[in-house]
Structures are given as C-alpha cells and as structure tokens.
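> Quick one, what's the 3D model for this:
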Amino acid sequence: MKSMHRIPITITAMICVLLLLAVFLSPASAKRGGDEMRSEFRGIVTEMPAGGLSGEWVIGGRVVLADPATEFDQVEGPLEIGGCAKVNIRNGRVHEIDSEPLNSCK
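Predicted structure coming up:
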C-alpha cells in the first residue's frame, strides 16, 4: 500500500515542476528581460552634485539620482557641466554615468 501513495505525490510534483517551467519560460518573462529592466540615454550635463559624484544630476533635461553604488566612467573626458554623458539605468536605478564625446549628444 505504501507504493500506492507515492504515485499521486510523484504526479503532483511533476505537475508543479511543469507549471513552474511554463511560468519562467513564458514570452512575458522574456519581454521583461528576465531579471532586470534596462534603458539608457545621452544628453548634455547641465547640473551636477556639489562636492562629489553622488547626488542629483540633470542630464539632457532629465533629473537622475546617482547613489554610492553608481559607477562613473570618465575615459572620454571628465564628467562636467556642458559635457556629454550617457546614463545607464537598471531596474529604475542609475547604474552608470559615462562621459561621452560631445558629438554623441548632437
């Protein structure tokens, strides 16, 4: 009799696994980009935080908030007012601000 009880439990477990696979492999999940939403934009820096890089920026007319975990790339030159910058946003958070050549913002 003990083996008769295992069959319904095994079938139930297999159904649960199939349902989980269906949810995680659905097209709706792919549209969300899996675990994170990403976006980026470029613009001219018109305002920067006073006294450091973390804080409120205005880039391309958009206000963005850089926190201590935000990455900064200044390979193309310093991030400065009047310069061009690219902002990478992940899951609604400013992930990175990069300096860009001025012609990238025109």
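
> Quick check: which ranges of this structure have low pLDDT?
Residue ranges of the chain with pLDDT under 70: 1-34.

> what's the burial count for the nearest residue to Q74 once chain neighbours are set aside?
In space, and not counting its chain neighbours, Q74 is closest to S99: 4.8 Å by C-beta to C-beta, 6 or more residues apart in numbering. (C-beta placed from N, C-alpha, C; glycine too.) A count of nearby residues for S99, using other C-beta atoms under 10 Å, gives 20.

> wait, S99 sits on G82?
No: assessed by C-beta atoms under 8 Å, S99 is found out of contact with G82, at 11.6 Å.

> Direction included, what does the longest strand anywhere in the chain pair against?
Longest among the strand segments of the chain by residue count, using DSSP state E, is strand 38-47. Here strand 38-47 has these sheet partners by DSSP bridges: strand 55-59 (antiparallel), strand 84-90 (antiparallel).
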